[in-house]
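1. Quick one, what's the 3D model for this:
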Amino acid sequence: MNIRRAEFLTSMSRYLPGAGGGLPEIAMAGKSNVGKSSLINRLASNKKLARTSAEPGKTRLINLYRINGELILTDLPGYGFAKVSKEEKQRWANMIEGYLGQSENLRYVLQLVDMRHAPTEDDQTMVRYLRHYDIPFTVIATKADKLSKAERSRSIPVICRSLQVQPWEVIPFSAQDGTGKEPLLQLMEQILQACNAQEEGEGEMVPFDEADGGDLSGE
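-> Numbers count the residues shown, from 1 in each chain. Predicted structure coming up:
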């Protein structure tokens, strides 16, 4: 996929049907400060498209970005930020789960984790949500530039064991040096093609078998 045009569309404090204009949606989930905004900016080659901050917890709404006029990137609030009240954490959780459970146009999720550390309990919970709602996903291991090649090779198995995914379901990514940008754009193109094929009655939504993410394990 070649991103020719990327634009901020709207923000929502709760899921609003039709906010994305009926376009297929790819959502990004991850803990606070995992690098969702930086990922958007790198993909779009626009450092000012999504606001970035050194302070975690800045994304407190559901933000929609329209890509090439043909799909929506949905930036979900970051979870796991300690310096907010329990009520605020619950509000964010309700926003995320409400979107996952209700969006009629959600087709795929990019689950971001920090490659430098083992996935957190919140990361594991999010993956259980995705399996519960039967949403295909790929794990994006961010901040890959912070690790050597040897450290990356040791990190991938840890992520796979923790989230019960296969190595081909993990894309190392760096917003700094562009690692993983092309594989991620290729994945997005496959998702869009699968969505178009499904609309025409010619195929399944999931672009390839490996994207299934395993058996449902939600409560």
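
2. Could I have the CA atoms of the longest helix along the chain written out in CSV?
-> The longest helix of the chain (DSSP state H) is helix 181-199. Provided in CSV are the C-alpha atoms of helix 181-199 (Å, rounded to 0.1, in the frame of the first residue of the first chain):
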residue,chain,number,x,y,z
LYS,A,181,6.9,-0.1,7.7
GLU,A,182,6.7,-2.0,4.4
PRO,A,183,5.5,-5.3,5.9
LEU,A,184,2.8,-3.4,7.8
LEU,A,185,1.7,-1.5,4.7
GLN,A,186,1.6,-4.8,2.8
LEU,A,187,-0.6,-6.2,5.6
MET,A,188,-2.9,-3.2,5.4
GLU,A,189,-3.2,-3.7,1.6
GLN,A,190,-4.1,-7.4,2.1
ILE,A,191,-6.7,-6.4,4.6
LEU,A,192,-8.3,-3.9,2.3
GLN,A,193,-8.2,-6.3,-0.6
ALA,A,194,-9.9,-8.9,1.6
CYS,A,195,-12.6,-6.4,2.6
ASN,A,196,-13.3,-5.5,-1.0
ALA,A,197,-13.4,-9.2,-2.0
GLN,A,198,-15.9,-9.8,0.9
GLU,A,199,-18.1,-7.0,-0.3
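
3. can you give me how far it is from the chain middle?
-> Averaging C-alpha positions (Cα atoms, centre = their mean, to the nearest Å) puts helix 181-199 14 Å from its chain's average.

4. ok, which stretches of this protein are strands?
-> 6-12, 25-30, 62-67, 71-75, 106-114, 137-142, 170-172 (DSSP state E).

5. Need the residues that contact stretch 180-192.
-> Stretch 180-192 is contacted by residues 1-3, 24, 26, 39, 42-43, 67, 70-71, 107-108, 110, 138, 140, 144, 171-174, 207-208 when judged by Cβ atoms under 8 Å, 6 or more residues apart in numbering. Quick note: C-beta positions are derived from backbone N, CA and C, even for glycine.

6. same deal with stretch 77-93?
-> By Cβ under 8 Å, 6+ apart, stretch 77-93 touches 29-34, 36, 56-62, 95-96, 120, 122-123, 126.

7. are any of the contacts of stretch 180-192 buried, and which?
-> Among the contacts of stretch 180-192, those classed as buried by 16 or more other Cβ atoms under 10 Å are 1, 24, 26, 39, 42-43, 67, 71, 107-108, 110, 138, 140, 144, 171-174, 207.
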